[in-house]
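S.K.: Here is the input, now give the coordinates:
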Amino acid sequence: MRYTVLLMGLIGILLNIGAAQAKDSIPANPLSFKQWLEELKREAREQGISENTLAVALDGVQPVPKIIELDRRQPEFTQTFAEYIGRRVSPARIELGRKKMAEHQEVLTKVGRDMGVQPRFIAAIWGMETNYGRYTGGYYVIEALATLAYDMRRPAFFRRELLRALEILDQGHIDPKNMKGSWAGAMGQGQFMPSSFFTFAYDYNRDGRKDIWVDQADVFASIANYLKKHGWREDRTWGREVRLPENVEELWEKVKQTEPPRSCRRALKHHSRQLSLKEWSELGVKTIYGSDLPDVGDRDFKASLVMPAGKDGPAYLTYRNFRAILSYNCSNYYALGVSLLSDQLK
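M.R.: The predicted model follows:
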């Protein structure tokens, strides 16, 4: 037992050394922050950003050590599926979600109808991302992105996002002092990165501003637009929990993929091949209540099987809309969290 303790201690030391070496392997920026900022301003001017925006947005901006600390110590995902769902699809979040849907029923219904996305899914993403707008992040987005762009871990990516954030300010969508978000630069009640803002943010009330921070119509329409542009169908749901036949290992050998798709590979590599509901029925898959799967009469209606807690945990058949949710965050836990929360908000 003593040797086991010593061995575990040695492993811990080696892991800490490895983590320290990984941190040390990221070089320091050869420019001072002041020099770097002048270069950034030059590039921004070339892209048409006004002097006034540059002055107001970048005045007093400095690297934030806390952001680098958060970036360096992003933890590996260690929660079990049950723990994740228990915390994110909690009774408190379900109750608050129902209250918020009732509070914003008129605008949610109208946005859902016009955008072609069921309100419960808009609300579920809203709830998962910021607890229905309660926690949108307290960092000044320009300063957060400047910190990460000056850092040398992913400078090109965050520099592009910073320039796009300056463009958002230059177009007058939000005042600089109100441009708050996460330490990594995700903004507003739907947590859009600046590049996603230009692709998916939606000016629902046509006032010339895409206000994903405060205006609920724009918030809901932007979330819906994101899903719609990733193939969402309003006449379908996300999928369903199912009951598998007894020999799960044998079933999985029949349906497993030989080559996972390239897009969202991190999540979809854990899915089976896509089969029709008829094919799943022929393999012995039932609804969670033990009844036959529905006959949707659509050859193109495919479903893939995922077992997020392994073969002894719950099993889900996921449809096309599930993959649209994965585009928001490429994580099976996240997409199932949204999906199961949406069922509770239905």
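S.K.: Helices of the stretch 51-200 of the chain, residue ranges please.
M.R.: Counting by DSSP state H, counting those that start in this stretch, the stretch 51-200 of the chain has helices at residues 51-58, 65-72, 81-88, 91-103, 105-115, 119-130, 141-150, 155-170, 194-200.
S.K.: Kindly reformat these as CSV containing mean pLDDT.
M.R.: Formatted as CSV, the helices of the stretch 51-200 of the chain follow (pLDDT from 0 to 100):
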stretch, mean pLDDT
helix 51-58, 97
helix 65-72, 94
helix 81-88, 96
helix 91-103, 98
helix 105-115, 98
helix 119-130, 98
helix 141-150, 98
helix 155-170, 98
helix 194-200, 97
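S.K.: Nearest to Ser327, out of those helices?
M.R.: helix 194-200 (10.1 Å; C-beta to C-beta). For every residue, glycine as well, the C-beta is placed using N, CA and C.
S.K.: just to revisit the earlier point, would a markdown table of the helices of the stretch 51-200 of the chain with mean neighbour count be doable?
M.R.: Listed next are the helices of the stretch 51-200 of the chain as a markdown table, based on neighbours: other C-beta atoms under 10 Å:
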| stretch | mean neighbour count |
| --- | --- |
| helix 51-58 | 15 |
| helix 65-72 | 15 |
| helix 81-88 | 15 |
| helix 91-103 | 15 |
| helix 105-115 | 16 |
| helix 119-130 | 24 |
| helix 141-150 | 25 |
| helix 155-170 | 20 |
| helix 194-200 | 18 |
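S.K.: Export the ones you listed as a markdown table, with columns for distance to Ala303.
M.R.: Formatted as a markdown table, these follow (distance: least, C-beta to C-beta, whole Å):
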| stretch | distance to Ala303 |
| --- | --- |
| helix 51-58 | 47 |
| helix 65-72 | 37 |
| helix 81-88 | 19 |
| helix 91-103 | 25 |
| helix 105-115 | 24 |
| helix 119-130 | 18 |
| helix 141-150 | 39 |
| helix 155-170 | 34 |
| helix 194-200 | 26 |
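S.K.: which one of the ones you listed lies closest to His271?
M.R.: Using C-beta to C-beta, these put helix 81-88 closest to His271, at 14.6 Å.
S.K.: which helices and strands does the closest one pack with?
M.R.: Secondary-structure packing of helix 81-88 (3 or more C-beta pairs under 8 Å, 6 or more residues apart in numbering; DSSP states H and E): helix 332-345.
S.K.: got the buried residues for the helix it packs on?
M.R.: If you call a residue buried by 16 or more other C-beta atoms under 10 Å, then helix 332-345 has these buried ones: 332-342, 344-345.
S.K.: Output those residues in a markdown table, with pLDDT appended to each entry.
M.R.: Converted to a markdown table, the buried residues of helix 332-345 look like this (pLDDT from 0 to 100):
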| residue | pLDDT |
| --- | --- |
| Asn332 | 97 |
| Tyr333 | 97 |
| Tyr334 | 97 |
| Ala335 | 98 |
| Leu336 | 98 |
| Gly337 | 98 |
| Val338 | 98 |
| Ser339 | 98 |
| Leu340 | 98 |
| Leu341 | 98 |
| Ser342 | 98 |
| Gln344 | 98 |
| Leu345 | 97 |
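S.K.: Between those residues, which sits nearest Arg266?
M.R.: The closest of the buried residues of helix 332-345, once distances to Arg266 are taken by C-beta to C-beta, is Asn332, at 8.9 Å.
S.K.: what's the closest of the helices of the stretch 51-200 of the chain to Glu38?
M.R.: With C-beta to C-beta, the closest approach to Glu38 among the helices of the stretch 51-200 of the chain belongs to helix 51-58: 10.2 Å.
S.K.: Thr199 reaches Lys229, doesn't it?
M.R.: Yes. Counting by C-beta atoms under 8 Å, Thr199 touches Lys229, with 7.4 Å between them.
S.K.: got the contact list for Tyr316?
M.R.: Residues in contact with Tyr316 (C-beta atoms under 8 Å, 6 or more residues apart in numbering) are 239-242, 305-308, 336.
S.K.: Quick one: residues contacting Ala267.
M.R.: Ala267 makes contacts with 326, 330-332, 335, as judged by C-beta under 8 Å, 6+ apart.
S.K.: can you do 7 Å?
M.R.: Listed by C-beta atoms under 7 Å, 6 or more residues apart in numbering, the contact set of Ala267 reads 326, 330-332.
S.K.: Check Arg88 too.
M.R.: Counting by C-beta under 7 Å, 6+ apart, Arg88 touches 128, 337.
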